[in-house]
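Participant: Provided below are the primary sequence and the corresponding predicted coordinates.
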Amino acid sequence: MNTFEQSIIEAAQAATPNNTDAEREAARVAATQAVADI
């Protein structure tokens, strides 16, 4: 995982600080997929 991808994942998680672990994981997966599509 590169720092660009990591920063997007962290931003997605930071934008939703009240999420459960499962929701945070889903956001991480979505962010990872979005980066893969770039």
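Facilitator: Sure thing, it's come through.
Participant: now whatever helix or strand Val29 lives in, how far from the centre of its chain.
Facilitator: Using DSSP states H and E, Val29 falls within helix 21-37. On the basis of C-alpha atoms, centre = their mean, to the nearest Å, helix 21-37 sits 4 Å off its chain's mean C-alpha point.
Participant: now swap in stretch 26-38 and tell me
Facilitator: Worked out by C-alpha atoms, centre = their mean, stretch 26-38 lies 7 Å from the chain centre.
Participant: In it, which residues are buried?
Facilitator: Ala27, Ala31, Thr32, Val35 (16 or more other C-beta atoms under 10 Å). All C-beta atoms are positioned from the backbone trio N, CA, C, and that covers glycine.
Participant: Next: stretch 9-25.
Facilitator: Ile9, Ala12, Gln13, Arg24.
Participant: Could you tell me the model confidence score at Thr3?
Facilitator: On pLDDT, Thr3 comes in at 86.
Participant: Around it, how many other residues sit close by?
Facilitator: 8 (other C-beta atoms under 10 Å).
Participant: likewise the one 5 residues further on?
Facilitator: The burial count assigned to Ile8 is 17, neighbours taken as other C-beta under 10 Å.
Participant: so what's it up against?
Facilitator: Ala31, Ala34, Val35 (C-beta atoms under 8 Å, 6 or more residues apart in numbering).
Participant: Cool, thanks, signing off.
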